[in-house]
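1. the following comprises the amino acid sequence and a computationally predicted model.
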Amino acid sequence: PEIRDIELLPPVVIAGLPRTGTTHLHNLLGAASSDSRLSPPGTFRTLPYWESFEPFPLPAEVGVEPDPRAARMDAAVQVMNILMPHFALMHEMTTEHVHEEIQLLANDFSTMFMETLAHVPRWTDYYLAHDQTSTYEYLATQLKALQFLRGGRRWLLKSPQHLEQLPVLDKVFPGVAVVCTHRDPVPVAISMVAMLTYSARMHRSPVPVAEIAVGWIDRLELMLAALIRDRDVIAPERSFDVSFDDFMADELGVAERVFGLVGEPVTDEARTAMTDYLAGHQRGRLGRVLTSCEMFGFDEEDLRARFAPYVNRCQS
């Protein structure tokens, strides 16, 4: 019960569509927090992939080292790499990589994660029709429990679904700092559709490519409309926007700006850890997947017209 008395520092939330640099920024900042050379421990508490799937150990496994949860994720990642050998070219997944908290939100069975598993319009309508405050409050409870078990100072969170939940974030996590990432929405949308149609082989046969593609273009349009509506809910002193190109041009500079957003210093050790991470994670080192609007039957100009309100508001 004392877990509920833990006070969370205002978290940093990275909010952006997939393919806009969110994962790279998340893991770059995570490197400055989880590197074993850092003393005292780093600024941000992050969620490794294995912990996101099994946040709490089985009673019989409490205190067991190495953690059996990580071993189980090792096996799961190996299977995933066999079944989806090209997925790493779009989104590298490892047992220890810094992962988003969408699995924690799924523990309350109210999250956009469900939409990535199947195209069920009634579920989307149900999800969008309900205030997500209670689900985010349960997320906060889980973060407190995780902090109780494995420590940490300030949570670093990331998920595309936060784009349409900024008022809820602001309510549940007072003082939350938000970094919004942006990129040309047309190639972003096509790249995301490619990733989702490819990964659908894990749970659907045959894969309804056209259905998934059309459904997700509609869904992204809704998400971006919500961002346009609610972007100013997060005060300027607690947020900033960054384009993908600007991030790629100065990765360390953007990371240091995130530290500054919450008044945290960047130590020499943290800067070295981030530099080392960048050296080992150069863009395109695993290869690239080529995509196009034509692959999925879309007209580029039509997509640009649909996403124009977002571009005019967030990228002009």
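-> The structure has been received and is ready for your questions. Residues are numbered from 1 along each chain as shown.
2. report the contact partners of the residue nearest to Val120 when sequence neighbours are not counted.
-> Spatial nearest neighbour of Val120, excluding adjacent residues (C-beta to C-beta, 6 or more residues apart in numbering): Met114 at 7.8 Å. The C-beta positions use only the backbone N, C-alpha and C, and glycine is treated the same way. Met114 makes contact with Ala106, Val120, Trp123, Tyr127 under the criterion C-beta atoms under 8 Å, 6 or more residues apart in numbering.
3. longest helix anywhere in the chain?
-> In the chain, assigned by DSSP state H, the helix with the most residues is helix 209-230.
4. in the stretch 51-200 of the chain, which spans are helices?
-> In the stretch 51-200 of the chain, the helices defined using DSSP state H, counting those that start in this stretch lie at 68-83, 102-106, 121-129, 133-150, 166-172, 185-199.
5. if you count neighbours, what's buried in the first one?
-> Neighbour-count burial for helix 68-83 flags Arg69, Ala70, Met73, Val77, Met80 (criterion: 16 or more other C-beta atoms under 10 Å).
6. ok, Met93 to Met73 distance?
-> Spatial separation of Met93 from Met73 under the definition C-beta to C-beta, to the nearest Å is 10 Å.
7. who touches both of the two?
-> Shared contacts of Met93 and Met73, defined by C-beta under 8 Å, 6+ apart, comprise Tyr49.
8. related to what we said a few turns ago, can you put the buried residues of helix 68-83 in TSV and add distance to His97 and pLDDT?
-> Converted to TSV, those look like this (distance: C-beta to C-beta, whole Å; pLDDT from 0 to 100):
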residue	distance to His97	pLDDT
Arg69	15	97
Ala70	12	96
Met73	10	98
Val77	10	96
Met80	13	93
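9. nearest to Met195 among these?
-> Met80 (13.2 Å; C-beta to C-beta).
10. so what does the closest residue to the closest one other than its chain neighbours look like in phi/psi?
-> Distances taken as C-beta to C-beta, 6+ apart put Met93 closest to Met80, at 6.4 Å, once the chain neighbours are dropped. Met93 adopts backbone torsions of phi -120, psi 120, taken as degrees, to the nearest 10.
11. follow-up on the earlier one: dump the helices of the stretch 51-200 of the chain to a markdown table, plus distance to Ala213.
-> Listed next are those as a markdown table, based on distance: least, C-beta to C-beta, whole Å:
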| stretch | distance to Ala213 |
| --- | --- |
| helix 68-83 | 21 |
| helix 102-106 | 21 |
| helix 121-129 | 15 |
| helix 133-150 | 28 |
| helix 166-172 | 27 |
| helix 185-199 | 5 |
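12. quick one, which of these is nearest to Ser33?
-> Ranking the helices of the stretch 51-200 of the chain by proximity to Ser33 (C-beta to C-beta) places helix 133-150 first, at 12.6 Å.
13. would you mark the buried spots in the closest one?
-> Thr135, Tyr136, Tyr138, Leu139, Ala140, Thr141, Gln142, Leu143, Lys144, Leu146, Gln147.
14. mind putting those into CSV with distance to Ala210?
-> As requested, these are exported to CSV (distance: C-beta to C-beta, whole Å):
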residue, distance to Ala210
Thr135, 31
Tyr136, 34
Tyr138, 36
Leu139, 34
Ala140, 39
Thr141, 40
Gln142, 37
Leu143, 39
Lys144, 43
Leu146, 40
Gln147, 44
